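Chemist: Sequence and predicted structure are below.
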Amino acid sequence: MYPRALLRRFLPVAFVAAALPLRADVFNMPGSLTSLKFSNVGDPGNLGDTVSMNTAAEDQLWINGSPDTSSGYGAVAYRYAIGTCDVTVAQYVQFLNAVATTGDPYGLYNPLMGGATSGPNSSGSPATTAWSTISSNGKSWPVVCGITRTGTPGAYSYALSTSAAANLGSPPIPTSNGDFPVNWDNWGDAARFCNWLENGQPTGPEGPGTTETGSYTLSGATTTAQLWAVTRNAGATYWIPTENEWYKAAYYKSGGTNAGYWAYPTQASTSNPPSSTLSKTATNNANFGYTGTNSPNSWVLTPVGYFAGSPGPYGTYDQGGDLYDFTETAVQQSVDYTGEGLYVRVMRGGSYSKSTPIELASDYRAGADPAKYGHGRTFRLATWYTTVWNGGGSGASANNWSTAANWTGAVPTMSAGVGVAVQFGPLSGGHAADNNDLAAGTQLNGISFASGAPVYDLEGNAILLGGPVTNQSGHTQTIGLAMQLVAGGGTFNTAAGNITLTGPLSGASMSLAKSGAGTLTLAGSSTYTGGTSVTAGELVVAGSLGNTAVTVGGGATLGGTGYVHGPVVLVGGTGPATQGALDLVDGTVGTLTFSDPNAADVVLTVGGTAGSPSRLNYEVGASADRILVTSAKVAVQPGGAIIDITPLAGFGPGTFDLMDFASNQASGLGNLSLATTSLNGYTLSLRSTTTAEQLVVQGVPEPSTFALLGVGAISLAACGWWRRWRPE
């Protein structure tokens, strides 16, 4: 693509973006704030714990009319990853500023997060007094989240607060509160945070595509019954861990399938319970107890990962103490002795608020109404186990995926029908060339190229793709593997670099979603039959697409010289930088072909309502880019389209087909217009026939060119005269 075309298409966007805040990214938090990280949990197929739940402890669940005495928790048949720490206040602020500025219909922000003395409390009703406080040395310290909301409905803004909590006479909130675990939330908030990550951390109002679809289909669920009934969607990439996933990460000793369990998540036994002493280096410490002195700055919460010397068996922090963690597991109680109702989501890990570590132990199981807010609860996330290519192998196996030395983590395999995610990272003298020699059909729950990764070309056996493909490397990355899309697959994010797929994509009823500012090129013969959506950047069809409906949204483009066998809709926008566009500008003239087995179908719909045109970008030299529509129709809507022309070498007078179609199979061609009627000194116009939409280039080079030619002619004549009449 020529620089001129790049400037024309993206410069207006660049100026707008410069005035806006940076896009949220909880994986790359600014400054010293904690980024969202995950710890791999291996040992698939481990046995469950034999310990029974402690019926002597308070707030125990009641099942079948009796205190819960269940056992067998922690058995997980597959590899996965769990949040190294709880989700933080600062990460949650990014979430709120992305989706809850125009309004907050689902209560993602609770006024008690900011120190208000009223708001939905732990019983779900408006509170008339301040939340729970902890008394120490004659003073009361609030349990505070430290998020403030300013502005009015339609223009909210959220920020970290270091002010004194309102009306409590408390000291300022410590500046480290951004790394506190978020609290005063409920289970629905956690599910919506997962959806936001699943959708790529988009900016926009709460609703489908931001908070209501993705890992969980919520559809506005806010009541206890609605949230209790929500289940995870197949193929989700981010989710609230199940009780077994959470339990294994906290207590399983690791190192085989029958390694046994710790009693506490600080790798401690029953005879050696953790201490509440505030220490970053001690090996068995956690945040529990009533006194405010067991927390920095005399606040009852500690920053996530504060007890650095007391990790869990898989490298997690704070799975004991600080705040309870929600799990995904739903339980129906027979008797409600806790005030949380009969329909609860299981919570694990205990909190700051008990004087002994009893709630931190593996035999303590609690529950919470998924719709209620509380100061003592938070959440961490789960995702797929990720193994990283390091190219560490040598000899004949240097490029093979089956070579353990080539990975930091497990060799990609299937366990219990579930695969792992793979990341291709930076190399120091390793192998960027690689070969998938695993069994054909091995499932990968995601492929990513890390920041700093070199150029890769993934080749070898076909895979099942059950997760997103992302490129943060800044380079164009090539995947030559044939990939069958399964649940969770089909999301391609060219956030920092382009992706080229030279192998085919398949999958009955599976869809493709393209996001990110870069380009996704489909060079193979793809046969997936679900929809195709392009929400950002460009989708280039260099091979062929099967019978899949393609929607190109505002600010996104479709291009290429291949074949599209399904209906395409270019969504109109409101300005030159925001339309769905068809972009054939790639430095050479070519043809993009649209066809459909059903000859009566409209295969290309351009524009929307009046005043919202699409954009069509062509190159013209001695010949022109064109759209060829066979056995189908073109419909240009009232919104129409604006046609941009980029000149190539040989550009000059002539008549060029921009669209070719069967006789009288196009409608609304009068809604097409040119961005300019003058280019390089020539006049441009459009002409419609029964089989084509044509560009007519007329005229002669601009006057300034003729002036130069005239000066040249006079100079030549003068030289001739001088030679004839000069003195001998």
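Modeler: Nice, thanks for sending it over.

Chemist: Read off the pLDDT value for the closest residue to residue 311 other than its chain neighbours.
Modeler: In this structure, residue 311 finds its nearest non-sequential neighbour in residue 317, 5.9 Å apart by C-beta to C-beta, 6 or more residues apart in numbering. In short, each C-beta sits where N, CA and C put it, glycine included. Model confidence at residue 317, given as pLDDT, is 98.

Chemist: The one 5 residues further on now?
Modeler: Per-residue confidence for residue 322 comes out at a pLDDT of 90.

Chemist: So, low pLDDT: which residues of the stretch 51-200 of the chain?
Modeler: 116-144, 164-172 (pLDDT under 70).

Chemist: got the residue ranges for the strands in it?
Modeler: 62-63, 66-67, 80-83, 133-136, 139-142, 147-150, 157-160 (DSSP state E, counting those that start in this stretch).

Chemist: The third one - contacts with which helices or strands?
Modeler: Translated: strand 80-83. Helices and strands touching strand 80-83, by 3 or more C-beta pairs under 8 Å, 6 or more residues apart in numbering; DSSP states H and E, are strand 38-41, helix 243-251, strand 382-383.

Chemist: partner strands of the helix or strand that the longest one is followed by, parallel or antiparallel?
Modeler: Beyond helix 243-251 on the C-terminal side, the first helix or strand identified by DSSP states H and E is strand 324-332. Strand partners for strand 324-332, identified by DSSP bridges, are recorded as strand 343-348 (antiparallel), strand 377-378 (parallel).

Chemist: Any idea which of the helices and strands packed on strand 80-83 gets closest to residue 616?
Modeler: With respect to residue 616, and counting by C-beta to C-beta, the nearest of these is strand 382-383 at 40.2 Å.

Chemist: what pLDDT does the residue nearest to residue 411 when sequence neighbours are not counted get?
Modeler: Once flanking residues are discounted, residue 411 sits nearest to residue 404: 5.4 Å by C-beta to C-beta, 6+ apart. Note for residue 404: predicted pLDDT of 94.

Chemist: quick one: residue 404 from residue 625, how far?
Modeler: 49 Å (C-beta to C-beta, to the nearest Å).

Chemist: who's more crowded, the two?
Modeler: residue 625 (28 against 12; other C-beta atoms under 10 Å).

Chemist: tally of neighbours for the closest residue to that one other than its chain neighbours?
Modeler: Spatial nearest neighbour of residue 625, chain neighbours left out: residue 584 (3.8 Å); criterion: C-beta to C-beta, 6+ apart. Counted with other C-beta under 10 Å, residues neighbouring residue 584 total 26.

Chemist: do the same with the one 5 residues further on
Modeler: Residue 589 is surrounded by 19 other residues when neighbours are defined as other C-beta under 10 Å.

Chemist: Tell me how many other residues surround residue 689.
Modeler: 14.

Chemist: And for the one 5 residues further on?
Modeler: Neighbour count of residue 694, defined by other C-beta under 10 Å: 19.

Chemist: Just the mean pLDDT for the strand or helix carrying residue 655, thanks.
Modeler: Here residue 655 sits within strand 654-661, counting by DSSP H and E. Averaging pLDDT along strand 654-661 gives 95.

Chemist: Distance from the chain centre to whichever helix or strand comes after it, please.
Modeler: Per DSSP H and E, the first helix or strand lying C-terminal to strand 654-661 is strand 666-667. Mean-position distance between strand 666-667 and its chain equals 38 Å (C-alpha atoms, centre = their mean, to the nearest Å).

Chemist: Identify the residues contacting strand 666-667?
Modeler: 629, 633-636, 659, 688, 693 (C-beta atoms under 8 Å, 6 or more residues apart in numbering).

Chemist: what about residue 308, how many residues close to it?
Modeler: For residue 308, using other C-beta under 10 Å, the count is 12.

Chemist: and if you look at residue 208?
Modeler: Neighbours around residue 208, by other C-beta under 10 Å: 15.

Chemist: Look up phi and psi at it.
Modeler: phi -60, psi 140 (degrees, to the nearest 10).

Chemist: and the gap between it and residue 456?
Modeler: Residue 208 is 34 Å from residue 456, by C-beta to C-beta.

Chemist: Does residue 62 have any beta-bridge partners, and if so which?
Modeler: Bridge pairing for residue 62 - DSSP bridges - gives residue 67.

Chemist: list the contacts for residue 469?
Modeler: 446-448, 479, 491-493, 499.

Chemist: Out of those residues, list just those in helices.
Modeler: With helices defined by DSSP state H, no entry of the contacts of residue 469 lies inside them.

Chemist: Residue 51: which of the residues you listed is nearest?
Modeler: Nearest to residue 51 out of the contacts of residue 469 is residue 446 (C-beta to C-beta; 34.2 Å).

Chemist: what sits against the closest residue to that closest one other than its chain neighbours?
Modeler: Sequence neighbours aside, residue 467 is the residue nearest to residue 446 in space, at 3.0 Å (criterion: C-beta to C-beta, 6+ apart). By C-beta under 8 Å, 6+ apart, residue 467 lies in contact with 235, 237, 384, 421, 444-447, 488-489, 491.
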